[in-house]
Every structure is written in C-alpha cells, then in structure tokens.
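# No letters, just coordinates:
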C-alpha cells in the first residue's frame, strides 16, 4: 500500500503515534507498542531513562520504534525550548513534539507560549510537531511559524471525551498544508476512526491504550481503527439522507 | 483468536455481515466481499439468479461465503413467510433474515407484521434473524418469539445517518440473551466501530460499501472497523472525565 | 395571538401539558401548575382523590386546568381500557392519555398492547392521546386507529435524557396529520424548546418540573421554553452553514 | 425578579444582547429590538449613521436601548483600538465589544490581536467585553487582562451551528469570575436556552434574528428562550439516568 504518512520528509506506514505515559510497567508498554504497529512514540525526557538500562528508550530501540521527545509538563516557552534542546542532545534527534500547557486542571495548551516556543524552535533548526487546541486560527499560525505538523486536541488530555468539536477539526484540515495529527482526548476506537474520517493524517494517543483494562488489546483496536478511518476517508463515503434509500433498486438486472 | 460469533450454534470468525444490494456489478461485489472478510452475506431471492449462471449465488459459493436469504421488499407477514419458504427450497438453508417494511419512504420495519412473521417462521423450523427498529420492547418480543438474533437499525436503510440513538442500542444489548446485530444506517467506519463498542455482536451493512466511491476499499475499512470496535469493547475503555488527567503522574519511577 | 393548539376540536392557548406525578405535595404542585400556564394536566385515576377533599382534582378545578386522565401503570390493553372507563365515569371526560408500558425498568410503551387498547378505546367513543415510542411506523398506526394525538417519547420516562433521536421525531411530524405531542424524557428547558422546533404541537412533562430543585421556577422555564420553541419554528430559522457569514455585508447602506 | 445581570457595575434585567447587523431595514430592526426586550445592542461605528438622521443610533435612543459599539471588521489590535477610540468619542461611552477576526472565511477571533487589544483598551480606561473562541485558556487570559466580560463563540459567526462544544463553555463558566456571554453561532431558540443552562450570564446574537424569515417573531422567541434557559439553570434540573424512573412512586399518599 502506497498510502504513506509523510512528515517533514520522513515517511511512516503507520498513522498511529503512541504516547508512553500511563503504562503500568515496561512489559505492558512493550506489548502495547508491538500490537499498535506504531513507528513513532513520544517520550518525556524528564522521565525517560537516557542513561541506558532497561528504560523506555531501550525498549523503543529494540522494537524499532522512533522516539519523539516531547515537552510535556512545560508551562512556558523558555522551559519548552530548553527541554527540547536537552532532548536533542540526549536522543540525537531534532524532532520535538511541542507541548506547553496552561494549567494542571485542563492541561490545555497555552496558545501564546506555544506559538512563541514554536517560532524559537523552528529558528533553532527543530522539526516541530505542535500540540494545540482546536482553534483553526492558532493551527494556521503554527503552520505559518514553520511547524511540520499541527496536533489539535479532540478534548482535554486523559478525558476520554473523544472529539468534542468535529467541525473545528474539519476547518483545520480544510486549510492546512501540513499534516494534521489528532492529539488528546481519544477514548476508544471509534474516536480514532472518526479523526481519520475528518481528514486527519494521523492520531496520537496514550492514556486510552495504556490505561485501558487490557492495553495490548486496545492497542490492536486502535491500530485497526486508524486504518479503518483512513481507508473510509479515501473510499468516499455515501452521503447522508433524511429519507431511506433501498439498496435493491440499483441492483443490476442479471442477478 | 477465540472470540467467535455464535448464532444458533453456527460459528463465525468475522463479525461483519454484508448485503449484496447496490453493487454496480458482480465484479465490484466480488472484490468487496473478499476485502470485507465476511462469512455471511444476505441475498434477496427475488433478485438472485438461482438458476446457475454468473449470478450472486455462484459468486458466494466461489468465495466460500454463506448465503443468508432475506425477505427484502416484503410488506406483510404472509409475503415474508412465503418468501422465506421459497428461499429455503432454493438455497437449501433454513436461515432467514426477516425483513418486513412498512412503507417505501422510510423502509422502517413494521413491528406488527415482523413479529407475526417471526412467530410463524420459528414455528415452521426457521432460524430467524429479525430486522427491527431500535425499540428495546420489540427487540425483546422478537427474542421471546424465538428469533436467533435481533437486528436493530441504527437509522433508516441507506440513509448513512449512523446510529441515531446509541442509548436504545445499549438498552437492547443490556437485556438481550441472543446476539444483537446492528443493521441499517451505517455510513462510515466509525459508525461500525461504535456499534461494536455499544455491545453489538456483529454489524450488517450494504449500501455504505456497495455505493461508496471505492467499494473494495470501504469493505476493507469496515472489516477493520468492526474488529477495532469489538476489540475496544473487550479491552475495557477508560472512563470519561470532565477534567483532564495527565498521563505522566502514573508513570513508574524507573523510566 | 391566534396560534392555538387544537386537539379533537378543543382549543388550547398553552402548548405545555403538565403531569402531576412526582410533586412533593399539593402546594408545590399548585404553584408549579400556575407558573406553567398549562391548561391540561394528566392525572392518574388510581392515585387521584376523586371523593373530594383537598386532592389534585380539586386543585385542578380551582386553577381552571383541565384534567386528562391517564392509564399510567397499566401493562395490558385490557387493564388500560378498564382504567379509562373508570376514569370516564369518575371525571366525566371521554379524553384519555393512553399509556401501556412493557416493563418497569424502561417504562417504554408496549407497541402491541398500546395499539390494541387504542383501537378498543376509539371504538368505545374515547378521545385517545396515545403515548408511544419514537417509531414513525407505530405513530402512523396509532393515527390510523383514530387517535386524536400521538405522543412520542424523547427518551425513557424520568430519564431526563432529552430527545435522543430528533430524526425520528421529525419523521413522525412530517407524516402526521394529528398533533404530535412530545412526551417523556424532557430534562430541561432547551429540550422542550427543541421539541417544538422539530415541529411538535405540544410538550408533556412531569418529572423535570416536579422533581427539579425549584419546581415553580422550572415550571416557568418550561412555559417560556415551549413558547420560544414554537415561535422559533414559526419564525423560520436561518440555515446551518459550514463557513461563517458576516452579518455586516447585508446591512443596508443608510446606516 | 431580582435576578439581574451585572457587567462592570451596570445592571440589566434582560440577558439578551442583540446585534444590529443583517436586518433588511430599520423598521424591521425596530420591531425586532422591541420584541426581544434587549437593553443593550451592538453597533458598528463604521456602519452607524452618527451624524443624526434616521439611523440606527436614533432608533436605539428612541427605544431606550443602550448602544454597545463593536470593532467588527477589524483585523489587528491597532485597528481595533483606534475604532474603539473613535466610537468612544462618537457615542460617548467607554464600553466596547472587542472583536478582532483572523480571516473572512471563518470570522474566528484572532487570539493574539484580541489579547493585545484588550490589554491596550483596558489600560486606556475602556470597559472591554471581548469576543473570543471557546478556548478556556484564552478566556482566562482575557479576564486576567481586565476584561469586564468574556464572550466565547458557540460556532462561527452566522453559521447557525449552535454550541459546537458545550464542554468548553462549561469549562469557561466554571473558572470565570466575570460574566460569560455566549456570542456567535446561535441558530435557534434552543441554542440560546442551552447557552444559559450551561451557565452563561447572557447571550449575544444577531443573524439568527435579523435573517430569520420573521425577525420580530424570532426576537420574541429568543427573549423567551434566554429567560427559560436562565430559569432552568437556577431551578436545578433533574439528573440524567440511564434507566427510566416512574413519576408515580414518589407521589404522596393523599392523592
């Protein structure tokens, strides 16, 4: 299948990006990673064991999954830039998932600090994938600032509320020329499928897998759901109708 | 994987039932059938070429897919019973998807004629899978009448409106002791995944695949979506929360 | 205002029908009735004090509100018919709100017993307002049986879930030639307004008022909401648009 | 009734703010204003005839409705500040509805220019009511900047899509200490009622009234809907339940 996801010139055959947070232990995480088929996984530098040992980075290396450092927990542009720079040194990658949240209750992104950080990181040579709210205006600004992907939320991190405002996601997709990755809020498989049907290029999720009753099984579900949603988008769905329409009348005569 | 669907003692590893109506031609239908992974497909006796030749029944035989005759187009119990009996002779199966619609504008099932027909068919030795609206009371009546499966609609046939009333589907699933198969209204992959997440045992769809711009691709999407929804149901999703919840705090110390 | 509701030749200027169940006491009920502006209120014969005294019937008489006996609690057509007949004697009215529920968990109407009872009651000279699920087919059958109004539910009685399936309510309204009264499921004011916007002729509610923290205030809210929804329906709302539309460009030159 | 809306020390008994844009002519507008019961109406300085004559300002004066100048059409903070200053001179009020949009397709507010303008206007002694998207973070920033009210959108201006993300509106209301006024996107009465039920202090709308088939009637509907939603919020609605709950069992013995 030649339907690949391309971000900043790098190509992925999986459109599911996994987060590592929330897993009970490394063994659970490993099984979930393998089941998900992901090729890219976010890691938080502050938590990752970069000194070797049986840490998450070793695990990713062993599974052949790319590590995408994030700036989770940062509350200002300055903090995020510093964290990204440390991650670049430690992980030898200039990719970063930029995440600057405004407060602990909502974990919603701070539009001002996020844009500021994005501009600084792009200027410093980073490939920036920016976590953002679902505001089409901010998404465009982040793209204009040189972000390689914009990552609007479906709903607050860990809420499991799915995509609260599909209309905004559609508006973002309609106007974006970089990949749109749905990030945050996914609760279950149909949420992930919907994200793809709305035109997102990929889905990032963590909690919905790592905190499910059976993480490995949910990882498999998410893998299939993302594929299903992508294929459904490309296949061209039937229109919605107020009245019914029999399938029979259109059947060709011969049978 | 030992998660099989069992209806009236017959076991299926696919939980997607396909309808044949609406396909542009047999070749399109064949590719869609194969892509969908279905093991059971509804056919309308009135339209099926049962005299041999390059008809839909040959196709099903060739693909190893079971034929489930339906009573599409019937408007009364008497008509449906007769159609089922003819199908039994012609197709050598006592399984029937019972479908008695009330009018052409909505193609909604007629509760009275449907229940009447179900009782007569069960008495006549049929294995009845009954198409019904999403009324939990009628669903239970059909089960009490001996139906092997109840098949509530998500929305009117061919409307593509998805599952209009998930609450009713949950009520039906909660109280049913036979398999609940979501039938009618599916528009796209996330609708099918949602049906399974609500607890349905399988999904039946036709138009959403046969009339998609690319039927084969949509068939593949539906196959994956049904699997995803089923797995997500079994995996135990995270609860919905009003506020956010960081994935980080729960991360174990070592990494 | 000449926009009156007409049911079986009787005219009402209020489109809000109140139920009496669930009120903490008669004094609370009285204030709610007055605040609601209702002209018609359901009473359950089994519970109503028909021997005089400070009962609900006295209250209705004093407030000038019509009593509409219902058959709440009935589980079969025979029971409902008997209850209606007793009510006719006791209350000197041949109007009846027919309600035959299938079970206590869902309190959903039993389609079979309801239609059976409706036919018998119409034959016996009753003016029947029939509580029904939101199935457009059953609604039409009840109308064909001679019911003076059909009363589809929004969601199960007392659930407060609002209108789960607006599409079905629209289908019912589209095809009905008798008034459609939304009955059951209303939780708050916007639900009642929506019912009217969908084309219902009136709304019946009880619990959402009688069990609100402040019943009198909620009664006032419902009165206004029903009016608002009715007027909005008649006023012809603007269409929904995917993109924005400035209000400014259409402003006439002079100002 | 002592439930008054207070913004920056000014008290209003109506919680409906009307916009003047989109009306076919002044006579239509006048009837709508009167029917709505509004006490505050936005005017666009660029369009208002401030030199006297039969303009919208004369009309407002005649009807006793306060004029709230807006900065509609502005695309930058500088432009908005200038417009506000001109309006202050012309209309002799230091109140302003700040509105800085990012582009013409979505008319969505520009978070950066809006916050910048808000800070400057507050510093210049204005009472600022700020139009914003539904991002709880931006809403809080505007409040921190000294805005007297925050005005989140339900959906894009003129779209009639209602409140796309009630969860965000609830988050904003939960954390705000200034009045939250739902602004933009209202299509019909139930949308306005819902805004109030979610905890908004008032609703601002224009197109849904001025472009309705019958503006005067829709204005009346909106007046009632806002009241209904407000009262319903204060009355304390019943909880939502998965299962039904009979109203009968709780009825007191005597009746």
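Nice, I can see it. Note that this is a predicted model, so its numbers are computed, not measured. Numbering: from 1, shown residues only, chains lettered A, B, ... in the order given.
# The helix-or-strand element of chain A with minimal mean pLDDT and chain B in contact?
Ranked by mean pLDDT, DSSP states H and E, the weakest helix or strand in chain A is helix A:56-63, scoring a mean of 89. Yes. Helix A:56-63 lies within reach of chain B by CB under 8 Å from any CB of the partner chain, at residue A:56. The C-beta positions use only the backbone N, C-alpha and C, and glycine is treated the same way.
# distance between that helix and the chain's centre?
On the basis of CA atoms, centre = their mean, to the nearest Å, helix A:56-63 sits 19 Å off its chain's mean C-alpha point.
# Report all helices and strands that the next helix-or-strand element following that helix contacts.
Per DSSP states H and E, helix A:56-63 leads on to strand A:66-70 as the next helix or strand towards the C-terminus. When contacts are defined as 3 or more CB pairs under 8 Å, 6 or more residues apart in numbering or on different chains; DSSP states H and E, strand A:66-70 packs onto strand A:40-44, helix A:56-63, helix A:77-91, strand A:95-98.
# can you pull the buried residues of the least confident helix or strand of chain A?
A:56-60 (16 or more other CB atoms under 10 Å in any protein chain shown).
# tally of neighbours for residue A:225?
The number of residues packed near residue A:225 is 33, by other CB atoms under 10 Å in any protein chain shown.
# quick one: the least confident helix or strand of chain A to strand A:40-44, angle?
Counting by axes from the mean of the first three to the mean of the last three CA atoms, to 10 degrees, helix A:56-63 lies at 170 degrees to strand A:40-44.
# Quick one: name the residues of the stretch 151-255 of chain A near chain D.
A:155, A:161, A:164-165, A:167-168, A:171, A:175.
# hmm, 6 Å instead?
A:164-165, A:167 (CB under 6 Å from any CB of the partner chain).
# so which helix or strand takes in the spatially most central residue of chain A?
For chain A, residue A:204 is the residue whose C-alpha lies nearest the centre (CA atoms, centre = their mean; 2.3 Å). Using DSSP H and E, residue A:204 maps to strand A:202-205.
# ok, now residue A:122?
helix A:111-123.
# Show me what secondary structure element comes after that helix.
strand A:127-132.
# quick one: contacts of that next one?
A:8, A:94-99, A:109, A:118, A:121-122, A:138-139, A:142, A:147-152, A:183 (CB atoms under 6 Å, 6 or more residues apart in numbering or on different chains).
# Could you list the buried residues of that strand?
A:127-132.
# From the residues you listed, pick the one nearest chain B.
Each of the buried residues of strand A:127-132 was scored against chain B by CB to the nearest CB, and residue A:131 proved nearest at 12.6 Å.
# Beta-bridge partners for that closest one, please?
residue A:151 (DSSP bridges).
# Show me what the helix ranked longest in chain A is packed against.
Counting residues, the longest helix found in chain A (DSSP state H) is helix A:215-235. If you count contacts as 3 or more CB pairs under 6 Å, 6 or more residues apart in numbering or on different chains; DSSP states H and E, helix A:215-235 packs onto strand A:16-19, helix A:26-36, helix A:189-197, helix A:207-210, helix B:189-197, helix B:215-235.
# And whatever residue of the stretch 51-200 of chain A ends up closest to chain B, how far from chain C?
Closest contact between the stretch 51-200 of chain A and chain B, by CB to the nearest CB, is at residue A:158 (3.2 Å). As for residue A:158, its distance to chain C is 26 Å (criterion: CB to the nearest CB, to the nearest Å).
# Can you name the residues that contact that residue?
Under the criterion of CB under 6 Å, 6+ apart, the neighbours of residue A:158 are A:207, B:244-245.
# List just the nearest of those residues to chain D.
residue B:244 (9.7 Å).
# quick one, phi psi at the closest one?
phi -80, psi 170 (degrees, to the nearest 10).
# pretty sure it contacts residue A:108?
No. Taking contacts as CB atoms under 6 Å, residue B:244 lies outside contact range of residue A:108: 7.4 Å.
# which residues sit against stretch A:92-112?
Under the contact criterion CB under 6 Å, 6+ apart, stretch A:92-112 has outside partners A:42, A:68-72, A:74, A:80, A:84, A:88, A:113-114, A:117-118, A:125-133, A:138, A:156-157, B:243-244, D:111, D:136-137.
# For it, buried residues please.
With burial defined by 16+ other CB under 10 Å, the residues of stretch A:92-112 counted as buried are A:94-102, A:106-112.
# Can you give me the first-to-last residue distance of it?
End-to-end distance of stretch A:92-112: 28 Å, with CA to CA, to the nearest Å as the criterion.
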